[in-house]
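Undergrad: Turn this into a structure:
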Amino acid sequence: MMCGVMEKVSVRRLPDVVPPIPPGGGRMISPAGELAQIVNGDPYRYLAFLEFQPDPDAPRGNHFHAVKTEHLYIVDGLVRATYRDLDTEETTEVELTAGDLVVVQPRCAHAYVALTHSHAVEFSPLSYDPADTIAYALSQRMSER
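TA: As a prediction, this is how the structure comes out:
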């Protein structure tokens, strides 16, 4: 699904599959647990595990990247995501849940508020560069609307 903002954010749900996993990835749910193939074949240099506590006053993100493309896979829970395309000024909100895979392009501010206790994996083809994480109080701007 492409969000209204967007050429800069894409959200897609990984399909529930049975082996073999198709080239685009998927989630296998079995009595042993879940196996999610999120990516396959692309080089990535950054990987982080994120925990989201359900607190509307403690969003994650509230920044954008000038260079980095960010990928986020929701492992479990429910998260409200807010995205703002800094070139068009378009803003949208999306609820993300387990199995959602998000790609956020550069110059798209993003903030995440957990609606339930949630976990995610963030990854990027670029190494982490603190100079490329530029603060942008998106969640504050959303509450002022």
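Undergrad: Could I get the full set of helices for this structure?
TA: 138-143 (DSSP state H).
Undergrad: ok, which stretches of it are strands?
TA: 9-13, 26-30, 33-37, 46-52, 60-64, 70-76, 78-85, 91-97, 100-104, 108-114, 118-124, 134-135 (DSSP state E).
Undergrad: my guess is R84 meets C108, correct?
TA: Yes - counting by C-beta atoms under 8 Å, R84 does reach C108; the two are 6.9 Å apart. (C-beta placed from N, C-alpha, C; glycine too.)
Undergrad: what's stretch 115-124 in contact with?
TA: 38-39, 44-54, 68-80, 95 (C-beta atoms under 8 Å, 6 or more residues apart in numbering).
Undergrad: cutoff 6 Å now
TA: 44, 46-52, 54, 68, 70-80 (C-beta atoms under 6 Å, 6 or more residues apart in numbering).
Undergrad: buried ones in that stretch?
TA: Buried residues in stretch 115-124, counted by 16 or more other C-beta atoms under 10 Å: 118-124.
Undergrad: now it: mean pLDDT?
TA: Across stretch 115-124, pLDDT averages out at 98.
Undergrad: in stretch 22-40, what counts as buried?
TA: Buried residues in stretch 22-40 (16+ other C-beta under 10 Å): 25-28, 36-38.
Undergrad: which one among the residues you listed gets closest to D132?
TA: Using C-beta to C-beta, I38 is the member of those that sits closest to D132, with 22.3 Å.
Undergrad: does the most centrally placed residue in the chain have beta-bridge partners, and which?
TA: Taking C-alpha atoms, centre = their mean, the centroid of the chain lies closest to L72, which sits 3.3 Å from it. In this entry, L72 is beta-bridged to V102, E122, by DSSP bridges.
Undergrad: picking that back up, for the buried residues of stretch 115-124, work out which two are farthest apart.
TA: Among those, the pair separated by the greatest distance (C-beta to C-beta) is S118 and S124, which sit 19.7 Å apart.
Undergrad: can you give me phi and psi for G41?
TA: phi 100, psi -20 (degrees, to the nearest 10).
Undergrad: Would you check how far apart it and A137 are?
TA: Look at G41 and A137: by C-beta to C-beta, to the nearest Å, they are 37 Å apart.
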